[in-house]
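# any chance you could fold what I've pasted below:
(2 chains, ligands or ions: 2)
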Amino acid sequence: MIEYRGLVKRFGDRTVLKGLNLRISEGEIVFVLGTSGTGKSVLLKNTVGLLRPDEGEIWIDGREVSRLSEEEYLGVRRICGMVFQHPALFDSLSVYENVAFGLRRHDRLPEELIRQKVAEALALVHLPGVEERRPAQLSYGMQKRVSLARTLALEPKILLFDEPTTALDPITTTAVNNLIQELSRRLRTTSIVVSHDMICALGIADRIVVLDQGNIVAQGTPREIRGSEVPLVQDFLAEVPA
Amino acid sequence: MKSLRWKETLQQLFFVANGSGFIVVFCVCFAAMVTILEASFHMKMVIQNDSMVPGFAALLILKELGAVVTALLLTSRVGAGIAAEVGLMKVTEQIDALRMLGIEPVRYLVLPRLVACVIGAVLLTLIANMVCLICAMLVSDLMLGYSPAMFLSSMRIFVKFQDLLLAAVKGAFFGAVIPLVACHFGFRCRPGAEGVGSATTQSVVVASILIIVLDFVLSYTFSYL
Ligand SMILES: Nc1ncnc2c1ncn2[C@@H]1O[C@H](COP(=O)(O)OP(=O)(O)O)[C@@H](O)[C@H]1O
Ligand SMILES: [Mg+2]
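Ligands and ions are numbered 1, 2, ... in the order given. This next block holds a predicted model:
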């Protein structure tokens, strides 16, 4: 479904991703863990062409995408939904317009259907009835959920989450994690979840990948990760109650 | 012209023109007073006669002051605002989100601001020139003893219609420089509040320098046309 082959990304003379290889199958939930600044967001942004790799290949649905033009990438972005680390809502638009934005641009649906899909997406993130509000009138956690709804409304086959639960309260965190799991089960959505949260990862991931300074230092099922000897993994495991 | 986004363009125009109108008029009046009083003071000192001052002041106002003062004020108000806004959009990943949802962010954000700033700057430059001239006329009447009629006839010797045209052309060029520079730095904004701050500062500095240099180039070119 998604495969990275020898992915290298540099910024100036700093190499952030150092020849990363990773293969993710359809319907899989992969958690990518790592400390801040190791290139987790850079990895996701390369996947959807917001950044382009300096070397290596990215295969999505049997197609090498890393050298596509910006227009050709549109098709990839249609099937790959990305939920950003920031809520990244458009301040000047209402919540309704924010969630409807992608539906209008990508699919040109009739207004009736858009209204219905927006309502469904907001219900999925447990935020009914906020359509007419502005992003600035919502709490940070609510903004993040609206942002999630904006991506979910497009019903992407692949979902990329950049720290979806960072700075959310425990109840919303659980709800978002359940949602990720449910989407994967029900619609066979493939998910890559970038996170710091080992507890969530152990709970819902099919596979956990630990990134350190642009390299994969450990990967495996939650069970395998629990038994890992890698020091960074041990650090992450230290916060998990036994 | 669907891509221009009329509503956004009009909002931006309102922000540029209405929001800056008062400061521009206010500052330009003071610039006019200083110009005319200083010129008169020195003329009197050197050649004991300031009869050329009204015409000369009018020339200076139309050719330089009106457009440049307006542009520099717009740079610090509108340019800084645009740089901070676009920079914040970059930092909070709104620009990435636009691209994900199939929007070309450069066209989406820059075009409405460019159109609004060019129109706004031309309008404000012309208004500033008018106000500035009226102000200079009042000062010469009240403080130098040249009646408005004398001011106008003295002005006619120095000033041609082309000078007003030059002012408008300058306004248009400066109006384009401001949002282009601001967006340039906004799109390259580094993460964090510090990034937004430095994008804003850099955009004001660079736009101001470009305006001064461009002013020279345009004046120079026009005097040979
Ligand atoms: N657009 C960019 N330009 C320059 N450097 C960047 C850019 N994006 C990310 N970086 C750098 O790459 C490194 C990894 O960033 P990132 O992927 O955001 O880390 P994280 O793993 O916390 O998500 C950081 O050191 C960051 O400074
Ligand atoms: Mg990140």
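# up against ligand 1, what does chain A have?
A:11, A:16, A:34, A:36-42 (CB under 6 Å from any ligand atom). Just so you know, the C-beta spots here come from the backbone N, C-alpha and C atoms, and that holds for glycine as well.
# A helix includes A:Arg10, no?
No - read with DSSP: H, G, I helix; E, B strand; the rest coil, A:Arg10 is strand and lies in no helix.
# for it, name its beta-bridge partners.
Assessed by DSSP bridges, A:Arg10 has beta-bridge partners A:Thr15.
# ok, it touching A:Val16?
Yes - the pair A:Arg10 / A:Val16 is scored as a contact, 6.8 Å apart, by CB atoms under 8 Å.
# contacts for the lowest-mean-pLDDT helix or strand in chain A next, please.
Least confident helix or strand, chain A: helix A:170-187 with a mean of 87, by mean pLDDT, DSSP states H and E. If you take CB atoms under 8 Å, 6 or more residues apart in numbering or on different chains as the criterion, helix A:170-187 is touched by A:27-29, A:124-126, A:141, A:145, A:148, A:152, A:155, A:159, A:161, A:164-165, A:168, A:189-191, A:193, A:197, A:200, A:203-204.
# what strands line up against whichever helix or strand comes after it, and which way round?
Sequence-wise, the next helix or strand downstream of helix A:170-187 (DSSP states H and E) is strand A:190-195. If you go by DSSP bridges, strand A:190-195 pairs up with strand A:29-33 (parallel), strand A:158-162 (parallel).
# so where do the strands sit in chain A?
Here chain A has its strands, by DSSP state E, at A:2-11, A:14-24, A:29-33, A:55-60, A:63-64, A:80-83, A:158-162, A:190-195, A:207-212, A:215-220.
# now the strands paired with strand A:190-195 as CSV including mean neighbour count, mean pLDDT and distance to A:Asp91?
CSV is the format used below for the strands paired with strand A:190-195 (neighbours: other CB atoms under 10 Å in any protein chain shown; pLDDT from 0 to 100; distance: least, CB to CB, whole Å):
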stretch, mean neighbour count, mean pLDDT, distance to A:Asp91
strand A:29-33, 25, 96, 29
strand A:158-162, 24, 95, 20
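# of all these, which one comes closest to B:Val78?
With CB to CB as the measure, strand A:158-162 is the member of the strands paired with strand A:190-195 nearest B:Val78 (32.9 Å).
# could you check the angle the closest one makes with strand A:55-60?
130 degrees (axes from the mean of the first three to the mean of the last three CA atoms, to 10 degrees).
# do you know the pLDDT at the residue most central in space within chain B?
Taking CA atoms, centre = their mean, the centroid of chain B lies closest to B:Ala71, which sits 1.8 Å from it. At B:Ala71, the model reports a pLDDT of 94.
# now A:Leu168
83.
# I'd like to know which elements the lengthiest helix in chain B is packed against.
Using DSSP state H to define each element, chain B has its longest helix at helix B:192-223. Judged by 3 or more CB pairs under 8 Å, 6 or more residues apart in numbering or on different chains; DSSP states H and E, helix B:192-223 is in contact with helix B:66-74, helix B:80-91, helix B:161-187.
# nearest residue to A:Ser41 other than its sequence neighbours?
Nearest non-adjacent residue to A:Ser41, counting by CB to CB, 6 or more residues apart in numbering or on different chains: A:Asp162, 5.5 Å away.
# and chain A, which residues reach chain B?
For chain A, the contact set with chain B under CB under 8 Å from any CB of the partner chain comprises A:45, A:48, A:50, A:70, A:74, A:77-78, A:81-82, A:84-91, A:101-102, A:105-106, A:147, A:150.
# for chain B, see how far away the nearest residue to A:Leu17 once chain neighbours are set aside is.
Among residues not flanking A:Leu17 along the chain, A:Lys9 sits closest, at 4.2 Å (CB to CB, 6+ apart). A:Lys9 sits at a distance of 15 Å from chain B (criterion: CB to the nearest CB, to the nearest Å).
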